[in-house]
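Asks: Build me a structure from this.
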Amino acid sequence: MAIPTSISLSLICRLVDDAVRIKNRYKSLFRKDGKKATGEKIYNDESLLKDLDRKDFQFIGKHMYGLIKEMEKTRQEYLKEIPKYSRKFKETRYLKTLPGIGTIQAAKIVAQVINPGRFQNKYKYFSYCGLVPTRAKSIPYNNA
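Replies: Numbers count the residues shown, from 1 in each chain. Predicted structure coming up:
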């Protein structure tokens, strides 16, 4: 395999995220049709597509189901590769020392940030990575 770079790590992380998005879109077909869509069973039983009232949803769902099966296979392979790639980056080792940050999350941060040296200090880096707790504030709407 080629020498890992943060760009290749970024591509692997994005493909893993894409597999999740496709699953969410598939599940939305059932919700739009008024069907209960919870749990993992929906991704493992193609016969559930027959329950959809709309034929166009059945057609789209049939093709999405096949895509999900292929993407899930690929996603599992990628999830195995992320730790291998991320080991090459000292930043992932540092990030994993933070509570709540595991291998996958650390890899995503490294892939997104690329060069942590561009930040003035560690606090700006942590903030960029979303590791700093913040309070949500909303500005009151003035309908004047």
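Asks: For Ser86, grab the count of nearby residues.
Replies: 26 (other Cβ atoms under 10 Å). For glycine as for every other residue, the C-beta is placed from the backbone atoms N, C-alpha and C.
Asks: next one: Cys129
Replies: 20.
Asks: try the one 4 residues further on
Replies: Residue neighbour count, defined by other Cβ under 10 Å, stands at 5 for Pro133.
Asks: So it: helix, strand or coil?
Replies: coil (DSSP: H, G, I helix; E, B strand; the rest coil).
Asks: need the helices for this protein, in chain order.
Replies: Along the chain, counting by DSSP state H, helices occupy 6-32, 41-44, 55-86, 90-95, 103-113, 122-129.
Asks: which ones are touching the residue lying closest to Lys27 once chain neighbours are set aside?
Replies: Counting by Cβ to Cβ, 6 or more residues apart in numbering, Lys27 lies nearest to Ala37, which is 4.7 Å off, once chain neighbours are set aside. For Ala37, the contacting residues are Lys27, Ser28, Phe30, Arg31, by Cβ atoms under 8 Å, 6 or more residues apart in numbering.
Asks: Can you select the buried ones from the residues you listed in ChimeraX?
Replies: Applied in ChimeraX, the following selects the buried portion of the contacts of Ala37 according to 16 or more other Cβ atoms under 10 Å:
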select :27,30
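Asks: so Ile22 sits right up against Glu72, yeah?
Replies: No - at 9.0 Å, Ile22 does not count as touching Glu72 under the criterion of Cβ atoms under 8 Å.
Asks: so where is this protein shaky, pLDDT-wise?
Replies: Applying pLDDT under 70 to the chain flags residues 1-9, 134-144.
Asks: Nearest residue to the middle of it?
Replies: Asp17 (3.0 Å; Cα atoms, centre = their mean).
Asks: gap between that residue and Thr103?
Replies: 15 Å (Cβ to Cβ, to the nearest Å).
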